[in-house]
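**Q** Predicted model and sequence below, questions to follow.
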Amino acid sequence: MDNPFFDTLSGQPDSADEEVSAQTRAKQLNLNYLDIKNMAIDEDTVALLPLYEAEEYRMIPFIRQGRILKVAAISMPLGAAKTRLVRLGQQTGYEIEVVIVSPSSLNYALKYHAQIIAHDLKKQQEANKPIQKPHEYLEEVKTINDVVQKSKNTNTTELLEILIAGAVSTDASDIHIEPQKENFVIRYRLDGVLYDIVTLSHTLMHGLISRIKINSGLRLDQDQTAQDSSFERKYGNIFVDLRVSIK
C-alpha cells in the first residue's frame with residue numbers, strides 16, 4: 001500500500017548506533033528487529049490502537065500478516081502496556097507479535113498515525129454537510145436499506161444520527177457496535193434477535209465512539225474500563241432515551 005505521507009515524514013536517517021542498539025535489544029529479548037521508517041504502514045492497522053494509547057504505552061500496531069498483528073515497540077511491553085497488548089489481541093482476534101524498533105522508528109509510526117487522524121479530520125470538515133435536525137433524519141431513514149446506503153461516505157456526526165433514526169424507524173431495541181479483525185459491524189436487535197446491519201472501517205469506528213461519548217458526557221480518554229451513561233433525542237413529540245454502555 002502506498003504511503004501518502006512518506007514525503008512529509010521522511011527525515012534524516014537514524015544514527016547507526018541507534019539501530020545497532022535496537023538490534024542488540026531485540027537479540028537479548030529473542031524478538032525480531034525491524035526498521036519501519038520507510039515501510040508502507042496501513043492506516044487501518046495503526047487505527048486498531050488509539051493514538052493516545054500508542055503514545056502512552058510506546059507501542060503501535062503497523063502491519064497484519066495472516067493471523068499475525070505486528071506491534072512495534074522499543075522494548076517488550078510490561079505492566080499496563082502488556083495488559084493492553086493482551087486485550088488488543090482479544091479485541092481483534094489476532095495473534096500479537098512484538099517487533100523491536102528504534103525510538104526514531106517508533107516516533108515515525110506515531111507521527112504517521114497523528115497525520116492520518118489530521119488528514120481524515122480535514123476530509124470530514126471539507127465534506128461535512130450542515131447538521132440536520134433529528135426529525136429530518138427520521139423522515140429520511142425508514143428502512144434497513146436506508147441505514148446501509150446513508151452510512152456510506154458520511155461523517156461520524158451524521159452516522160450516529162443515521163443509526164439512531166434507523167433504530168427508531170425499525171423498532172430496534174438495541175444498537176451494537178462490535179469490532180472485527182478488518183472492520184467493525186453495526187448490529188440492531190429486532191424482535192430479540194441481533195442482525196448485522198452495516199460493516200464500516202475501523203477508522204470510522206473510533207470517531208463514532210468518540211461522538212457517542214461526547215453526547216453521553218463520558219470521558220474520551222477512558223478506554224480500559226466500562227462506562228455507562230445516557231442521552232436523548234427528540235423526534236417531534238417523541239422522546240427517545242438512549243442508554244449507553246461502553247465496554
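**A** Received, thanks.
**Q** Show me where the protein has its helices.
**A** 6-9, 16-29, 43-46, 51-57, 79-92, 103-127, 134-140, 144-151, 156-169, 202-216 (DSSP state H).
**Q** Which strands or helices does the fifth one pack on?
**A** Translated: helix 79-92. Contact partners of helix 79-92 among helices and strands, from 3 or more CB pairs under 8 Å, 6 or more residues apart in numbering; DSSP states H and E: helix 51-57, strand 59-65, strand 68-73, strand 95-100. Backbone N, C-alpha and C define where each C-beta goes, glycine included.
**Q** Show me what counts as buried in the first one.
**A** The one in question is helix 51-57. Leu51, Glu53, Ala54, Glu55, Tyr57 (16 or more other CB atoms under 10 Å).
**Q** likewise the second one?
**A** By neighbour count, with 16+ other CB under 10 Å as the criterion, the buried positions of strand 59-65 are Met59, Ile60, Pro61, Phe62, Ile63, Arg64.
**Q** For Phe27, the count of nearby residues, please.
**A** Let me fix one detail, which is that residue 27 is Lys and not Phe. 12 (other CB atoms under 10 Å).
**Q** so what's it closest to, chain neighbours aside?
**A** Nearest non-adjacent residue to Lys27, counting by CB to CB, 6 or more residues apart in numbering: Tyr33, 7.6 Å away.
**Q** hang on, isn't the one you found packed against Val101?
**A** Yes - counting by CB atoms under 8 Å, Tyr33 touches Val101, with 7.3 Å between them.
**Q** what do those two both touch?
**A** By CB atoms under 8 Å, 6 or more residues apart in numbering, Tyr33 and Val101 have these common neighbours: Ala22.
**Q** and those two? which has more neighbours close in?
**A** Comparing Tyr33 with Val101 by other CB under 10 Å, the one with more neighbours is Val101, at 29 against 18.
**Q** Excluding chain neighbours, what is closest to the more buried one?
**A** Leaving aside its chain neighbours, Val101 sits nearest to Ala72 (4.5 Å; criterion: CB to CB, 6+ apart).
**Q** Could you measure from the residue nearest to Lys37 when sequence neighbours are not counted over to Glu19?
**A** Of all residues not flanking Lys37 in the chain, Tyr108 sits nearest, at 4.7 Å (CB to CB, 6+ apart). For Tyr108, the distance to Glu19 equals 13 Å [CB to CB, to the nearest Å].
**Q** which one of those two has more residues nearby?
**A** Between Tyr108 and Glu19, counting by other CB under 10 Å, Tyr108 is the more crowded of the two (26 against 18).
**Q** is it true that that one touches Met39?
**A** No - with contacts counted by CB under 8 Å, Tyr108 stays clear of Met39, the gap being 9.0 Å.
**Q** In contact with the spatially closest residue to Val71 that is not a sequence neighbour: list those residues for me.
**A** In space, and not counting its chain neighbours, Val71 is closest to Pro61: 5.0 Å by CB to CB, 6+ apart. Contacts for Pro61 (CB under 8 Å, 6+ apart) come out as Thr45, Val46, Leu48, Leu49, Leu69, Lys70, Val71, Ala72, Leu88.
**Q** how does it look with 7 Å?
**A** Pro61 makes contacts with Thr45, Val46, Leu48, Leu49, Leu69, Lys70, Val71, as judged by CB atoms under 7 Å, 6 or more residues apart in numbering.
**Q** From Asp35, how far off is the nearest residue to the fourth one once chain neighbours are set aside?
**A** Setting aside the residues directly before and after it, Leu49 is nearest to Pro61 in space (CB to CB, 6+ apart), at 5.5 Å. Look at Pro61 and Asp35: by CB to CB, they are 17 Å apart.
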